[in-house]
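Colleague: with the sequence up front, the predicted model follows.
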Amino acid sequence: MKDMVIINPGLYTTVQDRGRWGYQEYGMPVTGAMDDYSLRLANILVGNDEYDAVLETTLNGPEISFNTNVVAAITGANMMPRVNGFTVPMWRSLKLSKGDVLSFDMVRAGTRGYISFAGGLDIPTVMGSRSTYVRGAIGGYEGRKLKSNDEINVRDKDFPIEQLAGRVIPQQYIPQYDDSCIIRVVPGPQDDCFTEESIEKFFSSEYEITKEADRMGYRLSGPQLMHKDGADIISDGINLGSVQVPGHGMPIVMMSDRQTTGGYTKIATVISSDIPVMAQLRPGNKVKFVRIDVREAHKVLREYENKIKEIKEYVNSYQLNTTRIKRYNLKIEGENYEVIVEEIV
Amino acid sequence: MYEAARYLMSGDKGLVVEFGNEISEPVNEKVRGMYLAIQKNQMPGIYELIPTYRSLLIQYNPLEIETDGLIEKLRIIEKDMGAIDLPKPRTVEIPTIYGGEFGEDLSFVAEHNGLSEDEVIKIHTSIDYRIYMLGFTPGFSYLGGMSEKIATPRLKTPRTKIPGGSVGIAGKQTGIYPMESPGGWQLIGRTPVKLYDPTSETPIILQAGDYIRFKSINKDEYDYIHDLAEKKQYKIKIVTE
């Protein structure tokens, strides 16, 4: 038996890392974790390379049992993780022992969760990445989403896991996921294909995420956008966050599993540091697009990268060294409480 | 073709260099020229290039190279491009078995155009097709230049499963399915060459700017090449002349 066994895979759980970069010119989608921020923080917590492969969950988390001691961290959507039935915190590295079972409640906020393991996942790389590309049936775990009884090993067994438990992300860096949010976009590359009225409409209206929202892209519904001279262009490159508008006039935001090229006009592109926000949305949530100049967007990107650097330095310098965790069930005035006591050295 | 390329923003990490608004060899050759020049100069901060029919999407890290500086460098490349001779594109031979179980629609294509099956094969193998770009699925080439004499509309009801390597015709286009997929193209043949093999050292062998020349082969040749391709021992043949 391997280090971890998937008892229940959850709704849609896949192995993802930074993505399969370098092959878009051959028509190969990049894939990779939808939420770059949560991916990197999950890995930082357990001492991995920021872009190492993790499990990406969707709405319903998995149930996993462990056959060895591991250190794991859970970031992203608030899915109320439990170990052996007891609530455990997110955004913190946890020591899990042989025989432990990690499970999740229904997600409370956000959509995608990330589970990292110190030492990474023992998943073969395909074309330089461990990311699962489900439509192409490659990468990750046999090119597909996880199912019950799948087994995965931790890759690097020599990781000093004892020293990696109990590391925390400071509260101010933990994102809050709302049902409606503002997404910043840089206009173009084909914003000139739309009527002025439609451009104004795009930036002044709210759009709703429809049920057709997956790792490839989100179809939105809202005020219809009009093209000056048709929606079709000679196919060109699609970027992460490209907002395509086909003839029906409804925007589609292209995400991790996007195709590399396409023949629809693109009114704008979501800035890269707002993609993690987009990644946590679900059908029924609302977005408002705000225009931002490309130079301003670069300032935002620099801040985003500096923030992650700051967190990394903080996490690496601050070590809690939890050696033992005790859990108690308390009943006070008829209410059940779970109390976790950590012994700190 | 535009007099000067247009530089369009594709978010905070993307820049589109657009050379025209038409599907033509001269415009596509500009795309190839810019692609090759950037690769040759190894410009820091650029991490990926996606060449398409008439534009190049450059993905870059703005924290390593500023947009203004990047555009300035690209404009210089653009000016120099007219003066330098590009290396000749490769012409890749694609051995193909036509008709029968490998190309079930060959007879229909022949009938539709008032030709014999042999004439269709002769016309299909007589042209070098330019690969304008790859996209749609991994390894799928958008080819240009097919003769209108063999143009045939798509199937009314698409097939749910087409084997990888199938060669087909859809309207005025021809193409090869790199992997098993559904599709509505008229199938005229199949190549044993693996255009897409994620476990191979070169997962996708064709490149934008290459030309393809189909070569008609018989069943024995098909089996031989198929066997080599399965063992990852088949080397693609570059036509030299």
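Modeller: Received the coordinates, thanks. Nothing here was measured: the structure is a model prediction, and the numbers come from that model. Numbering: from 1, shown residues only, chains lettered A, B, ... in the order given.
Colleague: quickly list the domain ranges of chain A.
Modeller: Per the record, chain A has its domains at A:4-176, A:180-292, by automatic domain parsing.
Colleague: I misspoke; the intended subject was chain B.
Modeller: As given by automatic domain parsing, the domain ranges for chain B are B:6-81, B:91-238.
Colleague: for those, give me a markdown table that also has mean neighbour count.
Modeller: All C-beta atoms are positioned from the backbone trio N, CA, C, and that covers glycine. As requested, the domains of chain B are exported to a markdown table (neighbours: other C-beta atoms under 10 Å in any protein chain shown):
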| stretch | mean neighbour count |
| --- | --- |
| domain B:6-81 | 19 |
| domain B:91-238 | 18 |
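Colleague: quick revisit: chain B is nearest to which of the domains of chain A?
Modeller: With C-beta to the nearest C-beta as the measure, domain A:180-292 is the member of the domains of chain A nearest chain B (2.9 Å).
Colleague: other residues contacting the helix or strand hosting B:H124?
Modeller: According to DSSP states H and E, B:H124 maps onto helix B:117-125. The contact list for helix B:117-125 (C-beta atoms under 8 Å, 6 or more residues apart in numbering or on different chains) reads B:96, B:98-99, B:106-107, B:109-110, B:113, B:115, B:146-147, B:149-150, B:174, B:188-189, B:213-216.
Colleague: could you rerun that using 7 Å?
Modeller: B:98-99, B:106-107, B:109-110, B:147, B:149-150, B:174, B:188, B:214-216 (C-beta atoms under 7 Å, 6 or more residues apart in numbering or on different chains).
Colleague: repeat that for stretch A:9-19.
Modeller: By C-beta under 7 Å, 6+ apart, stretch A:9-19 touches A:30-33, A:51-62, A:121, A:123, A:129-132, A:134, A:140-141, A:145-148, A:256.
Colleague: check stretch A:213-226 too.
Modeller: When contacts are defined by C-beta under 7 Å, 6+ apart, stretch A:213-226 is touched by residues A:34, A:194-195, A:198, A:201-202, A:205-210, A:212, A:245, A:249-258, A:267, A:283.
Colleague: same question, stretch B:161-181
Modeller: Outside stretch B:161-181, the residues that touch it by C-beta under 7 Å, 6+ apart are B:94, B:96, B:103, B:109, B:124, B:129, B:137-141, B:143, B:146, B:148, B:150-154, B:182-193, B:195-196, B:214.
Colleague: what's the average pLDDT for the helix ranked longest in chain B?
Modeller: Longest helix in chain B, counting residues (DSSP state H): helix B:25-41. For helix B:25-41, mean pLDDT is 95.
Colleague: just checking, what packs against that helix?
Modeller: strand B:46-51, strand B:55-60, helix B:67-81, strand B:129-134 (3 or more C-beta pairs under 7 Å, 6 or more residues apart in numbering or on different chains; DSSP states H and E).
Colleague: are the first one and chain A in contact anywhere?
Modeller: Read that as strand B:46-51. Yes. Strand B:46-51 reaches chain A (C-beta under 7 Å from any C-beta of the partner chain) through B:47-51.
Colleague: that strand pairs with which strands?
Modeller: Sheet pairing for strand B:46-51, assigned by DSSP bridges, gives strand B:55-60 (antiparallel).
Colleague: now the strand it pairs with and strand B:129-134, what's the angle there?
Modeller: 40 degrees (axes from the mean of the first three to the mean of the last three C-alpha atoms, to 10 degrees).
Colleague: could I get the CA-only coordinates of strand B:55-60 as CSV?
Modeller: The C-alpha trace of strand B:55-60 is given here as CSV (Å, rounded to 0.1, in the frame of the first residue of the first chain):
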residue,chain,number,x,y,z
SER,B,55,0.3,37.3,-35.4
LEU,B,56,2.7,36.2,-32.7
LEU,B,57,1.6,36.0,-29.0
ILE,B,58,4.6,36.7,-26.8
GLN,B,59,4.3,35.7,-23.2
TYR,B,60,6.8,37.6,-21.0
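Colleague: could I get the average pLDDT for it?
Modeller: The average pLDDT within strand B:55-60 is 98.
Colleague: hmm, who's touching it?
Modeller: Contact with strand B:55-60 is made by A:236-237, A:239, B:10, B:13-19, B:31, B:34-35, B:45-50, B:70, as judged by C-beta under 7 Å, 6+ apart.
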